[in-house]
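> pasted the sequence and its predicted model underneath.
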Amino acid sequence: MKIDKLSSKTTPAEFDPRARSTSERIRVHSREVLSDQWATLEKVTFDYQRGDGRWQQQQREIYHRGHGAAVLLYNLEKRTIVLIRQFRFPAWTLGGDGFLLEVPAGMIEAENPAETVRAESEQETGFIIEEPRFLFRAYATPGSVTEQLYFYAAAYDSEQRSGAGGGLEEEGEDIEVLEVTIEQAVEWVASGLIMDTKTIIMVQHAQLQLFGV
Ligand SMILES: Nc1nc2c(ncn2[C@@H]2O[C@H](COP(=O)(O)OP(=O)(O)O[C@H]3O[C@H](CO)[C@@H](O)[C@H](O)[C@@H]3O)[C@@H](O)[C@H]2O)c(=O)[nH]1
Ligand SMILES: [Mg+2]
């Protein structure tokens, strides 16, 4: 018996919707703002042309809350990185104490992610950094949130500290600063103590690219 698994999906390139630009494959019907307070929640109805050429109507709620930037603070001599611990209300609603271990991060202001991580590093941890190194950019939750996260790394020096950090009290921040060895951080990812995606990515980047664990 001859089985040709690809035949039903194979179309000549000129008719293949996958070869067309997405703007030709998406027709937006309506956009409705459901909530517009701290951030914006929108309901969008659109037609999507599937890979086999058929059109399908879909509806999605999408949340626009700006973009974020995070920084991996590392010290190669001491083999340490800097983590912060802070209360996250959405996490608390799922059980547990709601306190998460994270890398310093903040929402991008004035469309300048490098400046944002310099400012967040000082506000949240007290460490003053020079030019942070851009690593990569990623969607955290692409199915429903438009936010992109910009990842940076910066060497820190324990001497270059302006204060204890802790964040801005007027913004409700109450941040604890931890300096941990890379081995400890890797162990916390494996044991499930570190549960924040951007932080897991950063610890693994540090492990693979910086410390060679
Ligand atoms: N009133 C109000 N204030 C808010 C709200 N959400 C955030 N804020 C204020 O905005 C500040 C955001 O602090 P940042 O340090 O700029 O951001 P972040 O909370 O650390 O978020 C970072 O990490 C997130 C993922 O873990 C990212 O989603 C985010 O973009 C950023 O990178 C908070 O301290 C708080 O004052 C809200 O719904 N209402
Ligand atoms: Mg923050």
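Cool, the structure landed. What you see is a predicted model; the values in this text were computed from it and never measured. Numbers count the residues shown, from 1 in each chain. Ligands and ions are numbered 1, 2, ... in the order given.

> and residue 58, bridged to which residues?
With DSSP bridges as the criterion, residue 58 is bridged to residue 46.

> surely it touches residue 49?
No. Using C-beta atoms under 8 Å as the test, residue 58 is too far from residue 49 to be in contact (11.1 Å). Glycine gets a C-beta too; all of them are placed from N, C-alpha and C.

> residues from the chain in reach of ligand 2?
105, 106 (C-beta under 5 Å from the ion).

> the helix or strand where residue 150 lies pairs with which strands?
Using DSSP states H and E, residue 150 sits in strand 148-155. Applying DSSP bridges, strand 148-155 is found paired with strand 68-75 (parallel), strand 133-139 (antiparallel).

> save those as CSV, and put in mean pLDDT and mean neighbour count too.
Below are those laid out as CSV (pLDDT from 0 to 100; neighbours: other C-beta atoms under 10 Å):
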stretch, mean pLDDT, mean neighbour count
strand 68-75, 98, 24
strand 133-139, 98, 13
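
> so which of those strands gets nearest residue 174?
strand 68-75 (19.0 Å; C-beta to C-beta).

> does the closest one reach ligand 1?
Yes. Against ligand 1, strand 68-75 shows contacts by C-beta under 6 Å from any ligand atom at 68, 70.

> ranges for the strands of this protein?
With DSSP state E applied, the chain shows strands at 26-36, 40-49, 55-64, 68-75, 80-87, 99-102, 105-107, 133-139, 148-155, 176-181, listed in chain order.

> from those, which stretch is densest packed?
Comparing the strands of the chain by mean neighbour count (mean count of other C-beta atoms under 10 Å), strand 68-75 ranks first with a mean of 24.

> show me the contacts for the residue in the chain that ligand 2 sits nearest to.
For the chain and ligand 2, the shortest gap (C-beta to the ion) falls at residue 106, measuring 4.4 Å. With contacts defined as C-beta atoms under 8 Å, 6 or more residues apart in numbering, residue 106 is in contact with 68, 69, 116, 117, 119, 120, 123, 124.

> got a pLDDT number for the closest residue to residue 125 other than its chain neighbours?
Leaving out its chain neighbours, the residue that sits closest to residue 125 by C-beta to C-beta, 6 or more residues apart in numbering is residue 165, at 4.1 Å. Reading off the confidence values, residue 165 has pLDDT 88.

> same thing with residue 160?
The model's pLDDT for residue 160 equals 85.

> still on that earlier bit, would you mind saying which of the strands of the chain lies nearest residue 19?
Judging the strands of the chain by C-beta to C-beta, what sits closest to residue 19 is strand 40-49, at 11.6 Å.

> domain-wise, how is this protein divided?
Annotated domains of the chain cover 13-64, 68-211 [automatic domain parsing].

> does ligand 1 sit close to the first one?
Yes. Residues of domain 13-64 are located near ligand 1 by C-beta under 6 Å from any ligand atom, namely residue 38.
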